[in-house]
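K.L.:
Sequence below, structure please.
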Amino acid sequence: MAVAKTKTWAKAPSPCISVCKFRDNGHCIGCGMTKPEKKRFKKLGGKAEKKGFLALLVARLEASGRLGYWSRMYRRRCDKKDRPCPLDKLDAALDAEALDKPRVAA
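P.N.:
The predicted model follows:
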C-alpha cells in the first residue's frame with residue numbers, strides 16, 4: 001500500500017501569527033513581514049517560492065531574536081489548521097545544506 005505524499009508547501013498557511021503590529025521599521029513584531037510581503041505570500045505559487053520566502057523570513061526572525069516565539073506560534077497555527085508544518089521540511093533542508101558545505105578552518 002502506497003503512502004500518499006502530503007503537499008506541505010502547497011498547503012502552507014501564511015507565516016502571519018495574528019499579532020500585526022508594524023513597529024519594527026515597517027516589519028510586524030510578530031511575524032517579521034511587511035504589509036506588502038503579507039499580501040505577496042497569498043500569491044506565491046510553487047514550492048520553490050514559498051520555501052525561499054520562509055527561508056528568508058526565518059533568517060530575518062533569527063537575526064532579530066524573535067525566531068523562537070514565532071516558530072512556536074506558527075507550529076500551533078499549522079496544528080490548528082490541521083496542516084503539515086513547512087518548518088520541519090525547511091529545517092531538514094537547511095541542515096542538509098549545512099552538511100554539504102565545506103568547513104573553513106579558523
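
K.L.:
Going by C-alpha atoms from here, please, whenever you check contacts or count neighbours.
P.N.:
Noted.

K.L.:
List the contacts of the helix of greatest length in the chain.
P.N.:
Ordering each helix of the chain by length in residues (DSSP state H) puts helix 47-64 first. Applying CA atoms under 8 Å, 6 or more residues apart in numbering, the external contacts of helix 47-64 come out as 9-10, 15, 31-33, 41, 44, 67-68, 70, 90.

K.L.:
Identify each buried residue in the next helix or strand after that helix, please.
P.N.:
Sequence-wise, the next helix or strand downstream of helix 47-64 (DSSP states H and E) is helix 67-80. By 16 or more other CA atoms under 10 Å, the buried positions in helix 67-80 come out as 67, 70-71, 73-75, 77-78.

K.L.:
and the angle for helix 67-80 with helix 47-64?
P.N.:
140 degrees (axes from the mean of the first three to the mean of the last three CA atoms, to 10 degrees).

K.L.:
Report the central residue of this structure.
P.N.:
Leu54 (3.4 Å; CA atoms, centre = their mean).

K.L.:
so how far is Cys85 from that residue?
P.N.:
Using CA to CA, to the nearest Å, Leu54 is found at 11 Å from Cys85.

K.L.:
average pLDDT for the longest helix of the chain?
P.N.:
Helix 47-64 shows a mean pLDDT of 93.

K.L.:
distance between that helix and the chain's centre?
P.N.:
5 Å (CA atoms, centre = their mean, to the nearest Å).

K.L.:
which of the residues in that helix are buried?
P.N.:
50-51, 53-55, 57-58, 60-61.

K.L.:
Point out where this structure drops to low pLDDT.
P.N.:
For the chain, the stretches flagged by pLDDT under 70 are 1-6, 93-106.

K.L.:
ok, back up a step: okay, the buried residues of helix 47-64 in CSV with distance to His27 next?
P.N.:
Formatted as CSV, the buried residues of helix 47-64 follow (distance: CA to CA, whole Å):
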residue, distance to His27
Lys50, 19
Lys51, 20
Phe53, 15
Leu54, 15
Ala55, 16
Leu57, 11
Val58, 13
Arg60, 10
Leu61, 10
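
K.L.:
Could you single out the nearest of those to Lys21?
P.N.:
Leu61 (14.9 Å; CA to CA).
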